[in-house]
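Undergrad: here is a sequence with its predicted model. Questions after.
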Amino acid sequence: MEMGIISRSKILECSGKKVAIDLETTGLKFWDNKIIGMGIYCPDAEVWGYMPVENYKEIEDLKNLTRQLSPETTVIMHNAKFDCHFLRIQPRELGWTLWDTTVMVHLVDSRVRKALTNAEHIYLGSDSKRGYQEEPPRGKKNKVWEWDLDLTVKYCCNDALVTYDLAEKLYPVLEENLLLPVFVKDMFYLCDLIDVEETGFLVNIPYTHRAHDALRETESKLAEALYDSCGARFNWRSHKQLSNAIYEGLGIARPVNPFADADGVDRSKFADKGKYNSASTSTFLLMEKVKHPLGELIASLRETAKLAKTLERWATLSDENNVVHSSFNLTGTRTGRLSSSKPNLQNVPSSVRGRFTQSVYTGSMERTEEYNLRKAFISRPGKSLLAIDYKQMEMRMFGILSEDPFMLSSLYAGRDIHGDIAEAVWGTRDKVHREWSKTISFGLIYGMTLGTLMYRLNKSKYEAKKITEKYYQTFPRIQPWLLERIAQCEDYLYLRYWSGRIWREEDRDYMYRGANAQIQGGCADILSVAEIRSAKWCRKQGTDHNLLNLVHDELIFEIPDEHLVRSANKLSELMQVPDIFNIPFVTDTKIGKSYGELYPLDSEVIASEQEFSQSELEAFLLASEIASEERRVSQEKVQAQVQAQENN
DNA sequence: ATGCAATGCGCG
DNA sequence: AAAGCGCGCATTGCAT
């Protein structure tokens, strides 16, 4: 086959076949930038070429022709959300079989960089038929729309071909590794994310302007106060200049190296790598180690400046309707969580700021007015926000996976697990100790060591050991479960979640991280199933229910006011997915007009209806079975090890 | 000029 | 074992 410029009507010849497509655009903003052409590769139809488009009419023609690909077509794209956005295509509605090769790569090995050239190098290597191997031009004509047409043709045609070959190579790999159920699930998820990104989140512009001006004013006052205290003007954003001003200029003692021995010499493994920086100006060191009033001032200054900058960022990312279209990336994490960027809607400062000392809770403060940045995100007129999150989701997942008796009994009784632990360990369940428990529980489950615990708690080794022992008594399955995860990983060089997803690790030294992966990623796959079912239900309402944001254990919807309460109850029930583990993931529901001001909604129980298909459920039960067989082997192995130790 | 590492901090 | 885990982003400062 020869590549070259072809007529757009060639698209139709690919209908019902397996076809790879690749768009070239003037940028990444689908709500603003334009398509400049499409590459297509379909060996079954002997179609391989590039279709440039130069005006509105041609772009619309391209979109229409692409939409005419029949439901029997398998459409392959590398990062499908991007192309679908520009083509205004929802693959679910067209009935296509969708293969996204970035997701294929991610499921095979989440550590691999997804860039097409990298995936090609790793999975196609010398077998690659790629003809165009030069780097794209740099410098003056470095944008695709500035290239000569013949270069664009070669480049785009080859991307389409490589995408096709990558899919052909990786599909059998997914099959061999029993990853097809989770792949199919992720393609459903991806289609929903297209809608989420297109809908976007409305920004309250008057608020952002007011807040921005107020923050910048406070920032300059705080900076002046800092300069006055130091008796010098400098760039406070520079760690070098700031540490010089406070440690040298004011003669404040540098923070003590917590890892140094009594003689002050750091004999830790990484002493020479400068991991511990005595010139550090982090808030923790300034406030807790240096214990100087300037610590508070610098912390406020940094927070104020960062919030102001964040507001500016949101403004530049908004479209002409003041809506931000964040990207929710399916392939952004090792564990299977989503990541969010441009803007990141998963790290918007919350309205309650915890005060932490080395991650240990010492109280909390409200962020109000211009400091409560979540107020910038609001529902559209006539609608309300509905935020549904899971209560103690990771602890629940730990209990389910490890079958820890304390966790499970607390689960079944519907008690507050962190309060229970605080009670067991400290004899009190007040807010501070409950938060301590929360932090330490996760630490221990994820393999925190005694040394780190005493450092974090600022307790003696004896006290830290006592607390640890209490924890291990409270959760008798923490230690065995951690060992089993490592044993399983040693055997397989991967861990498999309940969903069938694989987390790979070959280095024994890092296998302890698999415990976190299995919990964190297991929760992520629960959320994805909940999202798929919820979105399906929302579409069925036909009254403009939208999903706006996904934050690891939380979905944020936008619901017409008149349907709010009923939909809230229905969606929170759907999200509990009780059929997956025969235990509901209990949810917490909040409603409001802005992300910064949400109020609890007492849930009414509505009679259960099955909203999801039997085949969907069966796919997951299959994945679960695979996972449990691999788990059983490791359990027996650890039991044998423990038995052998006890016999000694 | 451009890229990368280090630092710091927001979220779950 | 500085070995609690997973992210994105702004900024500085040095290297290429």
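TA: Arrived safely, thanks for sending. Residues are numbered from 1 along each chain as shown, chains lettered A, B, ... in the order given.
Undergrad: write out the residues of the stretch 201-350 of chain A neighbouring DNA strand B.
TA: A:239, A:274-275, A:277, A:280-284, A:299, A:302-303, A:306, A:344, A:346-350 (Cβ under 7 Å from any atom of the strand). Any C-beta I mention is one placed from the backbone N, CA and C, and that applies to glycine too.
Undergrad: and what of chain A?
TA: A:139, A:239, A:274-275, A:277, A:280-284, A:299, A:302-303, A:306, A:344, A:346-350, A:353-354, A:393, A:520, A:551-554.
Undergrad: drop anything exposed from these.
TA: A:280-282, A:284, A:299, A:302-303, A:346, A:348-349, A:393, A:520, A:551-554 (16 or more other Cβ atoms under 10 Å).
Undergrad: what's the farthest-apart pair in those residues?
TA: A:T281 and A:M393 (34.8 Å; Cβ to Cβ).
Undergrad: what's the residue in the stretch 51-200 of chain A that DNA strand C sits nearest to in contact with, if anything?
TA: In the stretch 51-200 of chain A, the residue found nearest to DNA strand C is A:S110; the distance is 7.4 Å by Cβ to the nearest atom of the strand. A:S110 sits next to A:331, A:333-336, A:503-504 when contact means Cβ atoms under 8 Å, 6 or more residues apart in numbering.
Undergrad: by neighbours, which of these wins?
TA: Within these, most neighbours by other Cβ atoms under 10 Å means A:G336, with 27 neighbours.
Undergrad: and that one, helix, strand or coil?
TA: coil (DSSP: H, G, I helix; E, B strand; the rest coil).
Undergrad: one step back: secondary structure element for the residue of the stretch 51-200 of chain A closest to DNA strand C?
TA: Per DSSP states H and E: A:S110 is located in neither a helix nor a strand.
Undergrad: could you list the low-pLDDT ranges of the stretch 1-150 of chain A?
TA: Scanning the stretch 1-150 of chain A for pLDDT under 70 picks out A:126-127, A:129-142.
Undergrad: got it, and chain A?
TA: Looking at chain A by pLDDT under 70, you get A:126-127, A:129-142, A:257-276, A:358, A:603-626, A:642, A:646, A:648.
Undergrad: let's see that with 50 instead.
TA: A:274, A:605-612 (pLDDT under 50).
Undergrad: got the residues of the stretch 101-250 of chain A near DNA strand C?
TA: Residues of the stretch 101-250 of chain A lying near DNA strand C (Cβ under 7 Å from any atom of the strand): A:235, A:237-241.
Undergrad: as a check, name the ranges of all helices in the stretch 101-250 of chain A.
TA: Remark: helices assigned in the stretch 101-250 of chain A by DSSP state H, counting those that start in this stretch are A:101-108, A:116-123, A:149-176, A:180-199, A:205-230, A:239-243.
Undergrad: winner for burial among these?
TA: helix A:101-108 (a mean of 24; mean count of other Cβ atoms under 10 Å).
Undergrad: got the angle for that helix vs helix A:180-199?
TA: Calculated by axes from the mean of the first three to the mean of the last three Cα atoms, to 10 degrees, helix A:101-108 forms an angle of 140 degrees with helix A:180-199.
Undergrad: for stretch A:415-429, which positions count as buried?
TA: Buried residues in stretch A:415-429 (16+ other Cβ under 10 Å): A:417-426, A:429.
Undergrad: and these, which two are furthest apart?
TA: A:I417 and A:W426 (14.8 Å).
Undergrad: for A:V565, which of the helices of the stretch 101-250 of chain A is the nearest?
TA: helix A:180-199 (21.8 Å).
Undergrad: quick one: distance of that closest one to the chain centre.
TA: Distance of helix A:180-199 from the chain centroid (Cα atoms, centre = their mean, to the nearest Å) equals 14 Å.
Undergrad: same check on stretch A:455-467?
TA: With Cα atoms, centre = their mean, you get 33 Å for stretch A:455-467.
Undergrad: what are the contacting residues of it?
TA: A:258, A:357-360, A:425, A:436, A:439-440, A:443, A:448, A:450, A:453-454.
Undergrad: now, the most widely separated pair of those?
TA: Going by Cβ to Cβ, the pair spanning these furthest: A:P258 and A:V425, at 23.6 Å.
Undergrad: sorry, back to before: let me know the closest of the residues of the stretch 101-250 of chain A next to DNA strand C to A:K34.
TA: Using Cβ to Cβ, these come closest to A:K34 at A:R237, 37.3 Å.
Undergrad: leaving aside the residues next to it on the chain, what's closest to that closest one?
TA: In this structure, A:R237 finds its nearest non-sequential neighbour in A:A305, 7.7 Å apart by Cβ to Cβ, 6 or more residues apart in numbering.
Undergrad: so the one you found touches A:E219, yeah?
TA: Yes - A:A305 is in contact with A:E219 according to Cβ atoms under 8 Å; the separation is 5.0 Å.
Undergrad: stretch A:295-309 and DNA strand C in contact?
TA: Yes - counting by Cβ under 7 Å from any atom of the strand, DNA strand C has neighbours in stretch A:295-309: A:K309.
Undergrad: list the buried ones in that stretch?
TA: Residues of stretch A:295-309 classed as buried by neighbour count (16+ other Cβ under 10 Å): A:295, A:297-305, A:307-308.
Undergrad: among the buried ones among the residues of chain A next to DNA strand B, name the ones in helices.
TA: A:284, A:299, A:302-303, A:393, A:520 (DSSP state H).
Undergrad: look up how far DNA strand B lies from the nearest residue to A:V112 once chain neighbours are set aside.
TA: Distance criterion Cβ to Cβ, 6+ apart; nearest residue to A:V112, sequence neighbours excluded, is A:V105 at 5.4 Å. A:V105 sits 20 Å away from DNA strand B, going by Cβ to the nearest atom of the strand, to the nearest Å.
Undergrad: which residues touch A:V105?
TA: A:112, A:114, A:119, A:123, A:166, A:170, A:331.
Undergrad: if we go to 6 Å?
TA: A:112, A:114, A:119 (Cβ atoms under 6 Å, 6 or more residues apart in numbering).
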